[in-house]
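Asker: mind folding the following:
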Amino acid sequence: MAPPPYSSFAPQSSSGMQQPPAIPQMANIPFDVKKEIQEHLVLNNGKQQMSIEDIVKLVVVALKDSQIEEGKEEEETPEEILRRKRIQNNLAAARYRKRQREARESAEQELGDLTKRNDELREQVYRMEREISQLKQAVLGRQ
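Answerer: Take a look at the predicted model:
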């Protein structure tokens, strides 16, 4: 009987014994990572398989390391470094100015809204005081 799809069980041979772990296709994996994976599989003698997560972590680390090494090979000239840093600084300055402008516009909008609300409340106070005055006169006029 075949294991269910996506099973965590290792494939079994016809005799019912588990097959030794197969080494995955490793054409693009750097040599030191290949060696580490193979050593892990040999040391464990197939008894305890290396989890796929561990293999993925090793490959990711190796690829990151190889990209860093590739970047070191293509060193920039001082002029290129200066030009890149100037561009980076200009972009950062533009972002800063934009944030400042947006903050200023937001504060001005809030000030306008609060001023309008203050005027409305002052008008409401004036109407209520006038109504109180009228009610007092009406009550005192009846007496």
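Asker: hey, which helix is longest across this protein?
Answerer: Taking DSSP state H as the criterion, the chain has its longest helix at helix 78-142.
Asker: what helices or strands is it leaning on?
Answerer: Helices and strands touching helix 78-142, by 3 or more CB pairs under 8 Å, 6 or more residues apart in numbering; DSSP states H and E: there are none. For the C-beta atoms, the positions are set from N, CA and C on the backbone; glycine is no exception.
Asker: so, low pLDDT: which residues of this structure?
Answerer: Scanning the chain for pLDDT under 70 picks out the ranges 1-50, 66-74.
Asker: give me that answer again for 80
Answerer: Along the chain, segments meeting pLDDT under 80 span 1-74, 143.
Asker: and Leu58, how many residues sit next to it?
Answerer: For Leu58, the tally of surrounding residues (other CB atoms under 10 Å) stands at 19.
Asker: go on, Gln88?
Answerer: 10.
Asker: again with Arg97
Answerer: Neighbour count for Arg97, taken as other CB under 10 Å: 10.
Asker: any idea how far it is from Leu114?
Answerer: According to CB to CB, to the nearest Å, Arg97 stands 26 Å off from Leu114.
Asker: next: Ile87.
Answerer: Ile87 is 41 Å from Leu114, by CB to CB.
Asker: Glu75 too?
Answerer: Counting by CB to CB - Glu75 and Leu114 are separated by 56 Å.
Asker: likewise Val139?
Answerer: 37 Å.
Asker: what's the answer for Arg122, then?
Answerer: Relative to Leu114, and taking CB to CB, Arg122 is found at 12 Å.
Asker: same question, Leu82
Answerer: For Leu82 relative to Leu114 (CB to CB), the value is 47 Å.
Asker: go on, Lys64?
Answerer: Lys64 sits 52 Å away from Leu114, going by CB to CB.
Asker: with Ser106 instead?
Answerer: From Ser106 to Leu114 the distance is 12 Å (CB to CB).
Asker: what do you get for Glu129?
Answerer: Taking CB to CB as the measure, Glu129 falls 22 Å from Leu114.
Asker: for Glu123, same thing?
Answerer: To Leu114, Glu123 is 15 Å away according to CB to CB.
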